[in-house]
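Chemist: Sequence first, then the predicted structure:
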Amino acid sequence: PQTIYLKDYKPFGYVVESVALVFDLHPTATRVTSTIRFAPNPEATDRTFFLDGEELTLISCAIDGQPVTPELSETGLRLDAPDAPFTFEAEVEISPETNTALEGLYMSNGMYCTQCEAEGFRKITYYPDRPDVMAVFDVTIRGPLPVKLSNGNPLEAPEGQARWHDPWPKPAYLFALVSGDLVAHADRFTTRSGREVELNLWVRPGDEGKCAFGMEALKRSMRWDEDVYGREYDLDIFNIVAVDDFNMGAMENKGLNIFNSAAVLASPETSTDANFERIEAIIAHEYFHNWTGNRITCRDWFQLCLKEGLTVFRDSQFTSDMRSAPVKRIGDVIDLRARQFPEDQGPLSHPVRPESFQEINNFYTATVYEKGAEVIGMLKRLVGDAAYAEALDLYFDRHDGQACTIEDWLKVFEDVTGRDLSQFKRWYSQSGTPRLKVDETFENGTYRLTFTQETPPTPDQDEKLPQVLPIAVGLIGPNGHEVLPTTLLEMTEATQSFEFPNMATRPVPSILRGFSAPVVLERETSREERIFLLDHDSDPFNRWEANRALAQSSLLTMITDPNEGPDRSWLTALLGVIRDPALDPAYRALLLNLPSQSELAQALHERGVTPDPDLIWSAVEEHRNARAELWQAQLPALAAETRVDAPFSPDAEQAGKRALGAAVLAMQSRFDGGTAARAVYASADNMTLQLSALTCLITAGVAEDALAAFEDQWRHDRLVMDKWFGVQIAYAPPQHAPERAAELTEHPGFDWKNPNRFRAVFGALVANHAAFHRGDGASYDLLADWLIRLDAKNPQTAARMCSAFQTWRRYDSQRQEKIRAAMERIAATDGLSRDVTEMVTRLLG
Ligand code: B3K
Ligand code: ZN
């Protein structure tokens with residue numbers, strides 16, 4: 001496959017002045033007629049007229065009304081075009097029904113829908129399918145199904161047709177079309193300047209009852225973007241459509257967002273609190289793209305983080321405002337460490353702005369999205385809130401309607417603050433996770449912190465230079481009072497010291513408050529000091545972090561020395577905090593989380609110990625049993641505190657109580673044989689309770705009846721059945737999980753071409769660390785078999801799941817050999833997609 005490089009960027013030889021598309025929908029023979037006005041691009045020198053096009057049957061083609069015969073290839077069409085404005089017309093035929101890749105125009109449960117980002121529009125018609133070509137689209141849809149939607153505002157159209165006009169110039173990746181037998185959950189929104197916007201959430205009949213929450217979340221998002229960023233909606237109508245077969249969460253097509261039904265449909269009976277929170281965040285994310293992504297888009301796909309990092313940053317601000325900011329921050333850091341750190345430190349490592357790719361869909365990664373958002377958080381911390389707001393205003397003013405680069409983005413900050421951001425820019429070009437070491441001295445009343453930063457080489461880059469690190473620090477006196485409130489240190493050198501004079505006694509430092517930079521902090525700290533911070537740190541993130549470090553070191557001790565039990569003095573201190581009724585239950589629930597087994601494996605690996613997944617699993621089990629036993633007497637009182645008497649609401653307060661309740665129930669289930677969980681299961685009137693009880697029963701090994709009852713109750717609901725498939729693999733003991741997963745692939749409900757269902761099974765298997773890495777390699781082989789099978793139908797989803805193997809070099813040589821064999825078997829498959837080929841090639845290194 002061909003490699004595309006950032007350095008080779010060249011503008012397209014022509015600009016598109018207007019696009020008119022007519023769709024005659026048919027499952028296997030849809031006709032697409034395009035009329036496109038082109039004019040020579042004064043900014044370009046190369047006038048090659050090549051239009052991208054894949055899997056299209058060309059019926060006819062003309063320039064200025066004269067039939068022409070273009071040169072056709074697998075990837076597009078080439079013509080000799082005039083050096084003056086001209087009209088290009090083409091008619092092509094495509095087959096949505098047989099399009100299982102879910103890219104371009106495809107069918108899902110009888111409805112037509114599209115997914116064009118990144119390069120799917122070329123499967124709809126011939127076009128310069130690149131984000132820097134922006135145009136005004138006019139779309140006509142003809143077909144038998146009643147609802148016909150596209151981007152922009154609706155225009156009058158004859159019976160049986162629909163016509164849409166999008167006045168905002170946009171790249172083709174934001175094009176969308178939907179047609180189906182759908183019903184709308186409708187509402188209205190008045191923007192702050194008085195524009196009346198019609199809102200619709202379109203679903204299949206039967207799903208009407210799952211729309212209310214998503215609609216409210218949309219209105220909250222619209223209001224928030226006005227209040228916080230001054231951004232208003234810019235069309236008369238905003239449509240969201242729920243689709244069952246979708247490769248990712250959702251897509252921000254202009255005025256017509258298309259959602260994976262799992263990312264928008266919700267009801268108390270069928271959705272967990274975590275589902276509700278995620279749905280609110282995704283609705284916000286896609287809506288926020290209207291400004292950060294659509295009005296201002298990316299010049300080329302290397303700039304993806306320009307829209308994604310910024311939009312993730314914005315949606316996390318939104319969630320912090322709607323819910324609890326510390327809880328959101330901790331959740332984001334857990335996620336960053338679980339998904340982005342392994343990526344950044346393994347064979348798939350790449351900068352936030354990659355410099356080359358073969359298949360761009362492989363770069364919708366945690367690095368581009370989540371690290372991209374962290375970089376913006378750092379920028380905001382460094383320049384301050386006021387300058388950040390000013391820079392964003394300037395960004396919107398200066399670049400509205402343009403396709404931009406990271407250089408444009410940084411320039412607005414430089415212009416507003418007068419700062420030189422050239423060193424900061426390394427965050428975009430340098431891959432890998434910086435490691436930050438800390439030394440401290442205390443002499444004559446001066447406390448001194450010396451930091452050293454170092455980024456280990458990554459497979460894509462040997463040399464790493466010092467980066468700008470905003471380090472938020474607070475100092476705490478021995479009595480637990482803060483002697484220095486949170487202060488931002490700006491580190492730019494490889495080694496740098498900061499002094500704090502006039503200290504009466506040696507303080508205890510609280511470093512990297514709020515996780516102010518995405519680094520690995522390496523600081524040898526005593527257990528006593530960590531317990532002190534757990535008791536006294538006023539920064540909620542670092543208080544949680546102190547506890548996490550205690551949990552990790554206790555578990556690592558147990559893993560490396562099987563004679564060691566859990567750290568009881570820490571557990572006693574933690575219990576004191578957990579019982580504090582003044583603390584948010586959601587926060588307390590987070591304190592009860594243990595580091596994941598994969599994280600423990602990474603921690604061992606970094607200490608030069610080859611992780612043994614079985615030992616890790618046993619240590620965590622032993623820890624959980626011991627903790628439950630030690631706290632047994634206090635659990636009933638804690639459980640009582642988490643009771644919710646009010647009617648169900650997915651708000652943060654109730655969700656927090658349920659999260660703490662679930663953690664307590666899990667502890668109780670460790671010694672009561674499942675009695676308490678059975679009672680919760682029987683009386684549960686919402687999915688959060690039902691599923692957490694089911695999980696406890698599975699862990700206790702007594703879930704057979706409940707699983708059967710659950711299946712009986714929810715057989716008709718795809719989204720709930722995804723949970724049923726997933727949970728019994730994710731929580732199965734390692735000795736059974738791969739077999740259970742294999743069994744479930746034989747279940748009549750295992751519709752493997754549906755990405756949600758495929759991920760429910762295999763995502764769960766991968767998440768079950770000891771099961772996935774079982775010594776006999778059963779899971780590696782099973783996953784490889786299914787990735788090969790899926791790749792033939794849906795390369796994008798198959799490629800995405802290849803990252804399950806990204807940590808393979810951590811493990812012992814027997815496991816490494818088995819994983820290598822599995823990956824080599826995938827690589828050797830005939831007709832393997834470009835997507836998966838690129839992934840396994842990088843993974844094998
Ligand atoms: N922009 C889309 C992701 C498209 C993924 C293409 N493989 C959703 C989002 O980030 O909002
Ligand atoms: Zn996005």
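Modeler: Ah, there it is. Numbering: from 1, shown residues only. Ligands and ions are numbered 1, 2, ... in the order given.

Chemist: from here on, contacts and neighbour counts on C-alpha atoms
Modeler: OK.

Chemist: can you list the residues of the stretch 101-250 of the chain near ligand 1?
Modeler: By Cα under 6 Å from any ligand atom, the residues of the stretch 101-250 of the chain that approach ligand 1 are 117-118, 250.

Chemist: Could you list which of the residues you listed belong to strands?
Modeler: When DSSP state E is applied, those are split such that residue 250 fall in strands.

Chemist: May I see the residues of the stretch 101-250 of the chain next to ligand 1 organised as a markdown table, with neighbour count added?
Modeler: Converted to a markdown table, these look like this (neighbours: other Cα atoms under 10 Å):
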| residue | neighbour count |
| --- | --- |
| 117 | 23 |
| 118 | 21 |
| 250 | 24 |
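
Chemist: would JSON lines of the residues of the stretch 101-250 of the chain next to ligand 1 with pLDDT be doable?
Modeler: Below are these laid out as JSON lines (pLDDT from 0 to 100):
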{"residue": "117", "pLDDT": "99"}
{"residue": "118", "pLDDT": "98"}
{"residue": "250", "pLDDT": "99"}
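
Chemist: Kindly reformat the residues of the stretch 101-250 of the chain next to ligand 1 as CSV containing distance to residue 648.
Modeler: Output for those, formatted as CSV (distance: Cα to Cα, whole Å):
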residue, distance to residue 648
117, 37
118, 39
250, 27
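
Chemist: Next, count neighbours for residue 626.
Modeler: Using other Cα atoms under 10 Å, the number of residues around residue 626 comes to 19.

Chemist: How about it: what's its closest non-neighbour residue?
Modeler: Among residues not flanking residue 626 along the chain, residue 566 sits closest, at 7.2 Å (Cα to Cα, 6 or more residues apart in numbering).

Chemist: Verify the stated contact: the one you found with residue 554.
Modeler: Yes. If you go by Cα atoms under 8 Å, residue 566 and residue 554 touch, sitting 6.0 Å apart.

Chemist: which intervals of the stretch 651-800 of the chain have sub-threshold pLDDT?
Modeler: For the stretch 651-800 of the chain, not a single residue meets the criterion pLDDT under 70.

Chemist: check which helix or strand covers the residue in it that ligand 1 sits nearest to.
Modeler: For the stretch 651-800 of the chain, the residue closest to ligand 1 is residue 796, as judged by Cα to the nearest ligand atom, at 7.2 Å. Element membership of residue 796, judged by DSSP states H and E, is helix 795-801.

Chemist: Neighbours of the residue nearest to residue 626, how many?
Modeler: 22.

Chemist: for the one 10 residues further on, same thing?
Modeler: Burial measure for residue 576: 11 neighbouring residues, criterion other Cα under 10 Å.

Chemist: Can you tell me the SS state at it?
Modeler: For residue 576, the assignment made with DSSP: H, G, I helix; E, B strand; the rest coil gives helix.

Chemist: so residue 555, which of the three states?
Modeler: Reduced to three states by three-state DSSP, residue 555 is helix.

Chemist: Quick check: the gap between it and residue 670.
Modeler: With the distance defined as Cα to Cα, to the nearest Å, residue 555 ends up 18 Å from residue 670.

Chemist: Contacts only, for residue 745.
Modeler: Listed by Cα atoms under 8 Å, 6 or more residues apart in numbering, the contact partners of residue 745 are 752, 761.

Chemist: State the helix or strand in which residue 189 lies.
Modeler: Per DSSP H and E, residue 189 falls inside strand 183-190.

Chemist: so after that strand, what's the next helix or strand?
Modeler: With DSSP H and E, the next secondary element past strand 183-190 is strand 196-203.

Chemist: Now do the buried residues in that following strand.
Modeler: For strand 196-203, a neighbour-count test (16 or more other Cα atoms under 10 Å) marks 197, 199-203 as buried.

Chemist: Does residue 60 belong to a helix, a strand or coil?
Modeler: strand.

Chemist: who are the neighbours in contact with it?
Modeler: Applying Cα under 8 Å, 6+ apart, the residues near residue 60 are 67, 90-92.

Chemist: okay, it: pLDDT?
Modeler: Residue 60 carries a pLDDT value of 98.

Chemist: Please apply the same query to the one 5 residues further on.
Modeler: Per-residue pLDDT puts residue 65 at 98.

Chemist: Return the distance of it relative to ligand 1.
Modeler: 35 Å (Cα to the nearest ligand atom, to the nearest Å).

Chemist: rewinding a little: what packs against the strand holding residue 189?
Modeler: strand 196-203, helix 212-229 (3 or more Cα pairs under 8 Å, 6 or more residues apart in numbering; DSSP states H and E).

Chemist: Please list the outside residues in contact with the last one.
Modeler: In other words, helix 212-229. 185, 187, 189, 191-192, 201, 231-233, 264-267, 276, 279-280, 283-284, 287-288, 318, 389, 392-393.
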